[in-house]
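Asker: Next one to model:
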Amino acid sequence: DMVSSLRILKNVCDEQELRCSKMTFDERTETMSVFLPSMSAQIKSIFESYSHKIGHLIDIEKIPQDTAYHRLFQEHIYPYLKSSDLSRRASEKPRGYDGDYEMMNQVYRQSFEGSDLMGKVIHHYSINSETNESVQFRRPYFLSNMESALDRPGAKKFLSVASGPAFEVQDAVSRWPQQTIDRTHFVLFDLDREALEHAQTKILEIAMDKNKNPNVDYINASVKSFLNHQEDAAESFDLIYSGGLFDYLDNLTSTMITRSLFRLLKPQGRLVIGNFTKAVGTKSFISLILRWHLIYKTEEEMRAWAADLQGCKVSVDYDPNHINAFLVIEKK
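Answerer: Residues are numbered from 1 along each chain as shown. Just a heads-up that it's a prediction; the model follows:
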């Protein structure tokens, strides 16, 4: 069973860690360059196999958040994962919510992070699971949407909703010439002040290193207070985008926020909203082990958010894994 498989891998990792402790630095580095990716692939095979089996037995989306299933996995499976930095942060939620900015940093760092060898292997598998591959896709995808808006003449204003570390803005400041940055006004909005402070620090570091001068506003507020404050600033943005916020919202709330954000678009402006779909194959792993609770949507549900909007074109994009949908609403 799954516990037996993890126990065997844990023993292998512990034995290898003991052998490595007796090696020179160069020998240890060379050994780990082979061992870590190999073990990560084995972990991937185990988790994906069991995750799909569990998915056929339990409808993860319909069970409550705290069930006997959750307690069973917490007791028997999570102990093998808790030395992984990503798994531990996902489970403990030090910022008080799922998927905080440091977890996004971990996903993008693409390293082996953990307190022991087993943790490092689990961590590397986790950040390269299909779900986190889809998270990584957001970065170039949102950047390409900004660049498409900049193909049209004139100054442009971009709003990131629940911005987190804002990697796409970091990339823009790093890569774009100053004359393009001069045309661009970034607005980063997030409920988590620490996430905004982190994004501000990173963007400032890049700007100083590249001798750039970006125009960035940082807004720390709830969605409701932010939208209320923006009521008098209609048709302000050329692009509004959100990568992960709607994964935690029901359809009624998603519809209301979509309508409010649409009102903030300029003519020819674009609203892009991401949400994981019901096709995610690792739902049981995410929910039962990490207690990371997402609200998966169908494409039809997402399109319905824009059903009552007038004067717009609606389409849907997907990541390469076809599990993260992006509702695209263009104002005519």
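
Asker: Where is the longest strand in this structure?
Answerer: Ranked by residue count, the top strand of the chain under DSSP state E comes out as strand 265-276.

Asker: Okay, and the residue minimising distance to the centre of the chain sits in which element?
Answerer: Nearest to the mean C-alpha position of the chain, counting by C-alpha atoms, centre = their mean, stands V135 at 4.2 Å. For V135, the host element (DSSP states H and E) is helix 130-150.

Asker: cool, and R71?
Answerer: helix 68-76.

Asker: what does that helix rub up against?
Answerer: V3, I58, I63, S287, L288, I289, R291 (C-beta atoms under 8 Å, 6 or more residues apart in numbering). Heads up, the C-betas are built off the backbone N, CA and C, glycines and all.

Asker: Tell me the buried residues in that helix?
Answerer: Using 16 or more other C-beta atoms under 10 Å as the test for burial, helix 68-76 gives Y69, H70, F73, Q74.

Asker: One more: stretch 22-37?
Answerer: R28, M32, F35, L36.

Asker: With just CA atoms, put the helix holding R71 into CSV.
Answerer: This file holds the C-alpha atoms of helix 68-76, laid out as CSV (Å, rounded to 0.1, in the frame of the first residue of the first chain):
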residue,chain,number,x,y,z
ALA,A,68,-12.1,10.7,8.8
TYR,A,69,-10.3,10.5,5.5
HIS,A,70,-8.4,13.7,6.3
ARG,A,71,-7.5,12.4,9.7
LEU,A,72,-6.4,9.1,8.3
PHE,A,73,-4.0,10.7,5.8
GLN,A,74,-2.7,13.1,8.4
GLU,A,75,-1.9,10.3,10.8
HIS,A,76,-0.4,7.8,8.3
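
Asker: Any idea how far that helix is from the middle of the chain?
Answerer: 25 Å (C-alpha atoms, centre = their mean, to the nearest Å).

Asker: which strands and helices sit next to the very next helix or strand once past the longest strand of the chain?
Answerer: With elements assigned by DSSP H and E, the helix or strand that comes after strand 265-276 is helix 283-284. For helix 283-284, the packing partners by 3 or more C-beta pairs under 8 Å, 6 or more residues apart in numbering; DSSP states H and E come out as helix 25-57.

Asker: Look up how far D317 lies from F326.
Answerer: Remark: distance between F326 and D317 (C-beta to C-beta, to the nearest Å) = 4 Å.

Asker: Name the SS class of L239, please.
Answerer: Assigned with DSSP: H, G, I helix; E, B strand; the rest coil, L239 falls in the strand class.

Asker: Then K157?
Answerer: K157 - assigned by three-state DSSP - is strand.

Asker: Right, I'll call it a day here.
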